[in-house]
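Colleague: need the 3D shape of this:
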Amino acid sequence: MAAKKKEVELQINITSQELWEEMLCLKGLIVVDAFQAWCGPCKTVVDLFQKIRNEVGSNLLHFAVAEVDSIDALEGYRGQCQPVFLFYAEGELVAVVRGVNAPLLQKTILEHLAGERKVLEHGREQVLMRDRAKEEGSTAALQGEQREGRTD
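Modeller: Residues are numbered from 1 along each chain as shown. Prediction:
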């Protein structure tokens with residue numbers, strides 16, 4: 001009888017500050033679904049992430065789910081009632097997408113993955129960002145950015 005292939009897990013499950021810090025050391029682009037314990041990770045994006053992974057087939061693209069209630073670094077994302085996707089490269093935040101907007105998620109993933117390849121291959125500098133809505137706790141700023149489709 002032939003042995004079954006072990007299915008590779010699409011998303012890394014981050015449940016502690018220690019695991020969070022380990023994940024930030026990964027090489028490439030990391031897309032994190034930051035969720036709250038009461039609602040769980042966004043299941044509707046798993047197919048999109050799988051499709052993108054199959055299309056790009058890159059070992060520089062990682063997906064993770066992280067419970068904000070158990071990770072100190074994500075404290076600013078607690079108490080929100082919409083999905084938040086955080087994009088990290090070289091351990092630094094490079095983009096944020098709020099809400100489930102498949103075209104925007106795909107565009108952001110592909111753009112930042114291409115940028116990360118350039119950084120790694122040609123030594124270009126990574127463009128970092130601040131999540132102003134997280135820092136200010138401003139829902140008005142957050143809503144304005146969502147309407148405009150901005151990720152920074």
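Colleague: please count neighbours and contacts with C-alpha atoms only from this point.
Modeller: Fine.
Colleague: show me where this structure has strands.
Modeller: For the chain, the strands defined by DSSP state E occupy 11-14, 29-35, 61-67, 84-89, 92-98.
Colleague: how far off centre is the fourth one?
Modeller: If I follow you right, that is strand 84-89. 3 Å (Cα atoms, centre = their mean, to the nearest Å).
Colleague: so where's this structure uncertain?
Modeller: Across the chain, residues meeting the criterion (pLDDT under 70) sit at 1-8, 123-152.
Colleague: how about 50 then?
Modeller: The chain contains residues with pLDDT under 50 at 1, 3-7, 137-152.
Colleague: tell me the most buried of the strands of the chain?
Modeller: strand 29-35 (a mean of 26; mean count of other Cα atoms under 10 Å).
Colleague: partners of it in the sheet?
Modeller: strand 61-67 (parallel), strand 84-89 (antiparallel) (DSSP bridges).
Colleague: do you know how far the spatially closest residue to residue 85 that is not a sequence neighbour is from residue 58?
Modeller: Setting aside the residues directly before and after it, residue 85 is nearest to residue 33 in space (Cα to Cα, 6 or more residues apart in numbering), at 4.7 Å. Residue 33 sits at a distance of 19 Å from residue 58 (criterion: Cα to Cα, to the nearest Å).
Colleague: same question, residue 42
Modeller: Residue 42 is 22 Å from residue 58, by Cα to Cα.
Colleague: which one's more surrounded, the two?
Modeller: In this view residue 42 and residue 58 are compared by other Cα atoms under 10 Å, and residue 42 has more residues nearby, 17 against 13.
Colleague: all set, thanks.
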